[in-house]
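*Asks:* below are the sequence and a predicted model for it; my questions follow.
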Amino acid sequence: MTTTTAPGGTTARPATGRRTPAPRRCPLARHSLTLARRNLTKTLRNPGELADAVILPVVFLVLFVYLFGGAVAGSTQAYLQYLFPGILVLTTVLTGQVATALSLVQDMKKGVFDRFRSMPVPRTSMLLGSVLADAVRYVLALAVLFAVGSALGFRVETGVAPALAACVLAAVLGFSLSWLSVLAAVLLRNEVMVSTVVFLLPFPLVFGTGMAAPVETMPGWLQAWAGVNPVSRAIEAVQGLLLGGPVAGPAAATLWWSGVFLAVFGTAAVVAYRRVVG
């Protein structure tokens with residue numbers, strides 16, 4: 001160690017040859033993004049997983065429009081305008097969940113997470129990375145849905161910014177509900193059971209709404225469920241953002257429910273995962 005004399009006769013601090021380490025980014029965020037990139041790479045190598053998330057909403061859109069459009073709305077064009085906001089919400093709530101859950105089960109069975117346990121990787125990042133990869137699937141699925149909807153004749157009646165806000169709101173709800181799929185994957189750990197349960201769980205939320213038909217035409221018990229169903233509020237908010245109408249109340253309710261789902265299912269999934277892997 002040497003001591004240097006600064007100009008003016010003052011003694012400088014000893015030169016130790018060591019550099020102050022640069023502050024590190026949040027380990028949870030860094031590892032979560034790395035694992036999200038890994039999951040996306042797996043998806044690109046297995047396009048079938050991505051096809052489910054992209055094709056299923058388009059199938060629902062075309063099927064409902066041409067089967068029920070004339071009976072429900074009098075014309076397929078009018079029904080397309082009515083149906084599209086609900087299909088947009090369905091895209092984030094229903095599709096892609098099975099792929100996420102199956103990917104987690106396969107990683108746990110193959111010992112991938114066991115290898116991560118020997119590394120300085122936060123346990124939560126292993127689950128968060130899988131859910132973050134869904135965000136990219138949402139973007140692609142929504143882009144394809146808008147392209148097909150536009151080709152069929154759907155038109156946004158508000159503007160580009162509200163349409164983007166509608167996509168973001170639907171993605172927030174989908175992200176929060178993704179943790180229900182994660183919880184099912186951690187608890188069941190069986191590909192067949194997970195694929196069945198995760199695919200069926202969101203159905204009461206998605207179809208117990210006014211997505212495909214006006215709520216007033218439903219039986220009383222189903223009207224009661226649609227009135228308290230959180231996805232109904234999301235569809236109302238998206239309808240207002242795409243076609244005009246009330247937005248503030250339904251959007252606030254959607255964000256509130258998204259926070260509840262994230263707190264409940266996210267916490268339960270992390271706790272269950274820690275008990276499973278140690």
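*Replies:* Ah, there it is. Numbering: from 1, shown residues only.

*Asks:* what's around residue 268, how many residues?
*Replies:* Number of residues near residue 268 (other C-beta atoms under 10 Å) recorded here: 16. Yep, even glycine has a C-beta here, placed from its N, CA and C like the rest.

*Asks:* check contacts around the residue nearest to it when sequence neighbours are not counted.
*Replies:* Excluding the flanking residues, the one nearest residue 268 by C-beta to C-beta, 6 or more residues apart in numbering is residue 183, at 5.3 Å. Residues in contact with residue 183, defined by C-beta atoms under 8 Å, 6 or more residues apart in numbering, are 265, 268-269, 272.

*Asks:* out of those residues, which comes closest to residue 107?
*Replies:* Minimum distance to residue 107 across the contacts of residue 183 is 14.3 Å, recorded for residue 269 (C-beta to C-beta).

*Asks:* what's the helix or strand for that closest one?
*Replies:* In the assignment (DSSP states H and E), residue 269 maps to helix 267-277.

*Asks:* check the offset of that helix from the chain's centre.
*Replies:* How far helix 267-277 lies from its chain's middle: 20 Å, per C-alpha atoms, centre = their mean, to the nearest Å.

*Asks:* export only the CA atoms of that helix, formatted as CSV.
*Replies:* Extracted as CSV, the C-alpha positions of helix 267-277 are listed here (Å, rounded to 0.1, in the frame of the first residue of the first chain):
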residue,chain,number,x,y,z
THR,A,267,-48.9,-15.6,-2.1
ALA,A,268,-50.4,-19.1,-2.0
ALA,A,269,-48.4,-20.2,-5.0
VAL,A,270,-45.1,-19.0,-3.5
VAL,A,271,-45.8,-20.6,-0.2
ALA,A,272,-46.8,-23.9,-1.8
TYR,A,273,-43.7,-23.8,-4.0
ARG,A,274,-41.4,-23.3,-1.0
ARG,A,275,-43.0,-26.2,0.8
VAL,A,276,-42.5,-28.4,-2.3
VAL,A,277,-38.9,-27.6,-3.2
